[in-house]
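Participant: Compute the structure for the input listed below.
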Amino acid sequence: MSTTESRQTTTEATRTAADQAVKETLEDYTLRFAPRSYRRWTPMVVATTALGGIAYMADFSIGAGIGLAHGTGNALVAIAVAAVVIFITGFPLAYYGARYNIDLDLITRGSGFGYYGSVVTSVIFASFTFIFFALEGSIMAQGLKLGLGLPLWLGYAVSTLMVIPLVVYGMKALSTLQVWTTPIWLLLMAGPLVYLIANDPGTVDRFLAYPGTNGDGAVNTASVMLGAGVCLSLIAQIGEQIDYLRFMPPKTEANKRTWWTAVVMAGPGWVVLGALKQAIGVFLAVHIIAEVGPAAAPEPIQQFRSAFDAMMPSWMVVPLAVVLVVISQIKINVTNAYSGSLAWTNSFTRVTKHYPGRMVFVLVNLAFALALMEADMFSFLGSILGFYSNCAIAWVVTVATDIGINKYALKLSPLQPEFRRGMLHAINPVGVVAFVAASGLSIAMYFHLLGDTLQPYSPVAAAVIAFVVTPLMAVVTKGRYYLRRTDDGISEPLLDTDGNPSAATLDCHVCHQPYERPDLAACLTHDAVVCSLCLSTDKIGDHVLPATV
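Facilitator: This is a model prediction of the structure:
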């Protein structure tokens, strides 16, 4: 076969693969810019959908674990410290996701990591989703064991398999699910807490005075940092919030107030509710510790069974506790499965230039989660989250710093996000070096390699190193590795007069589908344009523009 024939065959295969990928990704614009024509929800519907995903019960377990180990005072300070860090770092990421309608991986590519450099952060985010899927699945299995007598191994399987039908259709199905179940969840969660405090004010005094098993109740820096490190493992939750926020409508003069409210509330604001749930977890664990013991006190099913028992007939207690746990698990684990599948697919597609279908990675993610559950990850939850938080903090702080400092203060990073192949360098040392330095040193601290004294401060080290090294690397490299080229070859402006991504539509030369302007770049070999996914699956680089800078 001649070289020309071989090239034609490869090009035809690429086009066929692209056509197959397009059919699926157009449901919720997997791996690509979310166009204006698809984003028909109001800001508040998007916000409600995004907040529905944080109905998880893990916060109650996390808070309880910290409180029982270090005492209420240390736990509350640790929760507050982590919440402040998560809010500050989440704000620029949420804004970019909502303003430019791209997910956190696409943001990461252009914010210091490069086209292939962000693959490692996609894997970290995917790991976050299956770790927390396993945690929530374990909590649901505990509920099914208490309520229905199912053995834990079977409960793990049920909690895993039941979400598969719910994650097939993406945003359309998830928005309906989250909006309708949120009021029920809020009522079941808040009702018993209010009742306990109103009918037995002494529970608050006992809660505040609880000293913990590892101390005398006094607040100390080491205990606070150890607790904050566990809480900070949730910093990657902003990625799941952005998976919904990318469907925000354009920000205009008419809707800017509701737009900003929705972005702040459902973006970094998720941590306010998360911190409250962690504090409630400490309260409920202290309330039931004498009844069930320290081993079972962190289990949400036990916490709410006891809370419901104080206010309801005995025959209603277990069913309501199980309903609460099941609703919470479904609400968060459809998000975990959905977001995890996007992250795995994104990484795989870029590395192999082949799109296998999102459902393949839904199953992969669920398989990882089920394996963790069967390995009884719930029993060593704190260790898993403490280790994981170092990687998550290093990544999120690096990207947030690149946006806040390198883009707006130093102006060394391009203000507009870029994610298309051909426009970015393969690897940008700014984010990659900062991430490796921050995660590497903090993990070494976490495992006592730098001494026992520094071990509790590993999450602080991850945040500080990422914050310092990210702008330092931008200055050292003078921003040369952000863009491979500054012109995408299309004369149509990328943004409209309001600064929103343009809604102008052009047809992709490869898959022949219409796409909005930000999702396209000019073709190298034809007088035409190619969409971002077809560029990603171009195995021979036939359509990828050459470097100009």
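Participant: Just want the most central residue of this structure.
Facilitator: Nearest to the mean C-alpha position of the chain, counting by Cα atoms, centre = their mean, stands Gly239 at 2.8 Å.
Participant: where's that residue, which helix or strand?
Facilitator: Element membership for Gly239, per DSSP states H and E: helix 237-245.
Participant: which residues does the closest residue to Glu240 other than its chain neighbours contact?
Facilitator: Counting by Cβ to Cβ, 6 or more residues apart in numbering, Ser339 is the residue found nearest to Glu240 once chain neighbours are left out, at 4.6 Å. In this view, the C-beta of every residue, glycine as well, is placed from N, C-alpha and C. With contact set as Cβ atoms under 8 Å, 6 or more residues apart in numbering, Ser339 has these partners: 125, 129, 239-240, 243.
Participant: One more: Ile393?
Facilitator: For Ile393, the contacting residues are 85, 232, 235, 438, 442, 459, 462-463, 466, taking Cβ under 8 Å, 6+ apart as the criterion.
Participant: most neighbours, which of those residues?
Facilitator: Using other Cβ atoms under 10 Å as the neighbour definition, the contacts of Ile393 reach their maximum at Ala462, which records 33 neighbours.
Participant: Pretty sure that residue sits against Gly440.
Facilitator: No. With contacts defined as Cβ atoms under 8 Å, Ala462 does not count as touching Gly440, sitting 9.6 Å away.
Participant: ranges for the strands of the stretch 351-500 of the chain?
Facilitator: Defined through DSSP state E, counting those that start in this stretch, the strands belonging to the stretch 351-500 of the chain form an empty list.
Participant: what do you get for the chain?
Facilitator: Secondary structure of the chain by DSSP state E: the strands cover 505-507, 514-516, 520-522, 529-531.
Participant: okay, the ones you listed, which one's buried deepest?
Facilitator: Mean neighbours per residue, mean count of other Cβ atoms under 10 Å, is largest over those for strand 529-531, with a mean of 27.
Participant: pLDDT of that strand, averaged?
Facilitator: Along strand 529-531, the predicted local confidence has a mean pLDDT of 95.
Participant: Give me the helices and strands touching it, please.
Facilitator: When contacts are defined as 3 or more Cβ pairs under 8 Å, 6 or more residues apart in numbering; DSSP states H and E, strand 529-531 sits against strand 520-522.
Participant: Show me the contact partners of the strand it packs on.
Facilitator: Under the criterion Cβ under 8 Å, 6+ apart, residues 420, 422-423, 488-490, 506, 508, 528-532, 535, 545 lie in contact with strand 520-522.
Participant: Narrow those residues to those that are buried.
Facilitator: The neighbour-count criterion (16 or more other Cβ atoms under 10 Å) marks 420, 422-423, 488, 490, 506, 508, 529-532, 535, 545 among the contacts of strand 520-522 as buried.
Participant: Between the residues you listed, which sits nearest Gly155?
Facilitator: Sorting the buried ones among the contacts of strand 520-522 by distance to Gly155 puts Ser532 at the head of the list, at 40.9 Å, by Cβ to Cβ.
Participant: Could you count how many residues lie near Val464?
Facilitator: The tally of other residues near Val464 (other Cβ under 10 Å) stands at 16.
Participant: So for it, what pLDDT did the model give?
Facilitator: Note for Val464: predicted pLDDT of 94.
Participant: got it, and Val167?
Facilitator: Confidence per residue is given as pLDDT, and for Val167 that number is 68.
Participant: what's the nearest residue to Gly90 once chain neighbours are set aside sitting at in phi/psi?
Facilitator: Distances taken as Cβ to Cβ, 6+ apart place Pro268 nearest to Gly90, at 3.5 Å, with adjacent residues excluded. Phi and psi for Pro268, reported as degrees, to the nearest 10, are phi -70, psi -20.
Participant: Use 39 as the first number from now on
Facilitator: Done: numbering now begins at 39, and the last item shifts to Pro306.
Participant: ok, now which ones touch Pro306?
Facilitator: Contacts of Pro306 by Cβ under 8 Å, 6+ apart are 124-129, 132, 276.
Participant: could those go into TSV alongside pLDDT?
Facilitator: Putting the contacts of Pro306 into TSV (pLDDT from 0 to 100) gives the following:
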residue	pLDDT
Ile124	95
Phe125	97
Ile126	96
Thr127	96
Gly128	96
Phe129	97
Ala132	97
Ile276	92
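Participant: Mind checking which of the residues you listed are in helices?
Facilitator: Here DSSP state H is the test, and the contacts of Pro306 give 124-129, 132, 276 as lying in helices.
Participant: residues touching the residue nearest to Tyr495 when sequence neighbours are not counted, list them.
Facilitator: Of all residues beyond its chain neighbours, the one nearest Tyr495 is Met263 (5.4 Å), with distances taken as Cβ to Cβ, 6+ apart. With Cβ under 8 Å, 6+ apart as the criterion, the residues that contact Met263 are 116, 494-495, 497-498.
Participant: Of those - the most surrounded one?
Facilitator: Of the contacts of Met263, with other Cβ under 10 Å as the count, Pro497 tops at 30 neighbours.
Participant: re earlier: the residue nearest to the centre of the chain against Ile140, yeah?
Facilitator: No. Here Gly277 lies out of contact with Ile140, judged by Cβ under 8 Å, at a distance of 11.9 Å.
Participant: Distance-wise, check the closest residue in space to Phe166 that isn't next to it in sequence relative to Ser529.
Facilitator: Nearest residue to Phe166, sequence neighbours excluded (Cβ to Cβ, 6+ apart): Ala274, at 4.2 Å. Ala274 sits 39 Å away from Ser529 when distances are taken as Cβ to Cβ, to the nearest Å.
Participant: next one: Ile365
Facilitator: In this structure, Ile365 lies at 51 Å from Ser529, with Cβ to Cβ as the measure.
Participant: quick one, which of those two is more surrounded?
Facilitator: Here Ile365 and Ser529 are compared on neighbour count by other Cβ under 10 Å; more neighbours surround Ile365, at 19 against 7.
Participant: Which residues are in contact with that one?
Facilitator: 93, 219, 222-223, 226.
Participant: Please render these as JSON lines that adds neighbour count, pLDDT and distance to Gly312 to the earlier fields.
Facilitator: JSON lines is the format used below for the contacts of Ile365 (neighbours: other Cβ atoms under 10 Å; pLDDT from 0 to 100; distance: Cβ to Cβ, whole Å):
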{"residue": "Ala93", "neighbour count": "25", "pLDDT": "72", "distance to Gly312": "10"}
{"residue": "Thr219", "neighbour count": "16", "pLDDT": "66", "distance to Gly312": "18"}
{"residue": "Ile222", "neighbour count": "13", "pLDDT": "74", "distance to Gly312": "19"}
{"residue": "Trp223", "neighbour count": "18", "pLDDT": "73", "distance to Gly312": "14"}
{"residue": "Leu226", "neighbour count": "19", "pLDDT": "76", "distance to Gly312": "17"}
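Participant: Could you dump those into JSON lines and include distance to Asn293?
Facilitator: Written out in JSON lines, the entries for these read as follows (distance: Cβ to Cβ, whole Å):
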{"residue": "Ala93", "distance to Asn293": "27"}
{"residue": "Thr219", "distance to Asn293": "26"}
{"residue": "Ile222", "distance to Asn293": "29"}
{"residue": "Trp223", "distance to Asn293": "28"}
{"residue": "Leu226", "distance to Asn293": "33"}
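Participant: of the residues you listed, closest to Met178?
Facilitator: Ala93 (12.3 Å).
Participant: That closest one and Ile222 touch, don't they?
Facilitator: No. With contacts defined as Cβ under 8 Å, Ala93 does not count as touching Ile222, sitting 9.9 Å away.
Participant: Tell me the spacing between Met303 and Phe129.
Facilitator: Counting by Cβ to Cβ - Met303 and Phe129 are separated by 12 Å.
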